[in-house]
Structures are given as C-alpha cells and as structure tokens.
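Enquirer: Structure here, sequence nowhere to be found:
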C-alpha cells in the first residue's frame with residue numbers, strides 16, 4: 001500500500017504539495033541503477049537484488065560460474081554505492097536527506113562527501 005505525504009516546497013502559491021515519496025524513491029533507485037550499469041551488470045542486479053534470486057539460481061539462469069557472479073555483485077555494489085552518494089542535486093543516500101527529514105543520532109559516523117575525498121573507514125568504538 002502506498003501513502004501520500006504532505007511535503008513542504010518553496011512555491012509562489014503553495015507552501016506544501018502532496019507526493020508519493022516511497023514510489024518516487026523506488027523509481028529513482030531503479031532508473032539510476034539502469035543508467036549507470038552495463039547490460040550484464042543490470043541483468044545481475046535485477047535478478048539478484050530486485051527479484052531476490054539466490055546465487056545458484058542466478059548462475060544457472062545466466063549460465064555463468066559462481067566466481068564471475070560474485071565479482072559482478074561486488075562491482076555492482078561498489079559502483080552503485082558511489083553513484084547513489086554522489087548523485088546531484090539530491091543523492092539517494094543517506095535516506096533522511098532524500099525524504100527531506102533529519103534524523104539526529106549520537107555516535108553517528110558521517111561519510112565523506114565527494115568534494116573532500118578520504119578513504120572510507122569502518123566505524124570504530126568510540127573511546128571514552
């Protein structure tokens with residue numbers, strides 16, 4: 001079931017609009033993935049990530065070996081992670097920025113933005 005949300009906007013006549021944010025996100029996610037992946041990578045992405053097939057079924061359907069499949073999966077994850085983060089004007093990650101709300105948490109590790117490249121490090125336990 002989809003839901004309609006009342007979203008603030010900066011317009012001349014109105015200050016709020018109705019939007020289906022979940023469907024918009026799904027559409028953006030799928031279209032960005034389609035544009036940034038090759039045909040083979042999108043075939044793996046669609047079967048494994050969108051349709052939920054396990055690696056055995058994907059390998060059998062695509063007639064590839066396990067190593068080729070998992071290398072493609074890792075390449076897809078790396079490529080799409082970067083694309084979703086660096087997408088302009090609104091990135092698809094983090095989700096709170098996409099859905100126009102701010103989630104404030106303590107002990108939050110902030111990922112580096114594209115304008116100041118640094119190697120991404122896993123979060124470590126905070127020392128007291």
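Expert: Alright, I've got the coordinates. Keep in mind it's a predicted model, so treat the numbers as computed, not measured.
Enquirer: For this protein, just list every one of the strands.
Expert: With strands called from DSSP state E, the chain shows them at 5-8, 16-19.
Enquirer: Same list (the ones you listed) but as JSON lines, adding mean neighbour count and mean pLDDT.
Expert: All C-beta atoms are positioned from the backbone trio N, CA, C, and that covers glycine. As requested, the strands of the chain are exported to JSON lines (neighbours: other Cβ atoms under 10 Å; pLDDT from 0 to 100):
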{"stretch": "strand 5-8", "mean neighbour count": "12", "mean pLDDT": "73"}
{"stretch": "strand 16-19", "mean neighbour count": "11", "mean pLDDT": "75"}
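Enquirer: Look up how far residue 45 lies from the nearest residue in space to residue 18 that is not next to it in sequence.
Expert: Leaving aside its sequence neighbours, residue 18 sits nearest to residue 4 (Cβ to Cβ, 6 or more residues apart in numbering; 5.2 Å). For residue 4, the distance to residue 45 equals 29 Å [Cβ to Cβ, to the nearest Å].
Enquirer: Compare neighbour counts for these two and give me the winner.
Expert: Neighbour count, other Cβ atoms under 10 Å: between residue 4 and residue 45, residue 45 has more, with 22 against 11.
Enquirer: isn't the residue nearest to residue 18 right up against residue 19?
Expert: Yes - Residue 4 is within contact range of residue 19, at 7.1 Å (criterion: Cβ atoms under 8 Å).
Enquirer: Just the residues contacting stretch 56-64, thanks.
Expert: Stretch 56-64 is contacted from outside by 43-44, 47-48, 53, 65-66, 69, using Cβ atoms under 8 Å, 6 or more residues apart in numbering.
Enquirer: cutoff 10 Å now
Expert: 40, 43-44, 46-48, 51, 53, 65-73 (Cβ atoms under 10 Å, 6 or more residues apart in numbering).
Enquirer: Which among these count as buried?
Expert: 44, 46-48, 53, 69, 72-73 (16 or more other Cβ atoms under 10 Å).
Enquirer: quick revisit: what's near enough to touch the residue nearest to residue 18?
Expert: Counting by Cβ under 10 Å, 6+ apart, residue 4 makes contact with 18-23.
Enquirer: Pull the most distant pair out of those residues.
Expert: The largest separation in those, counting by Cβ to Cβ, is between 18 and 22 at 13.2 Å.
Enquirer: Thanks a lot, catch you later.
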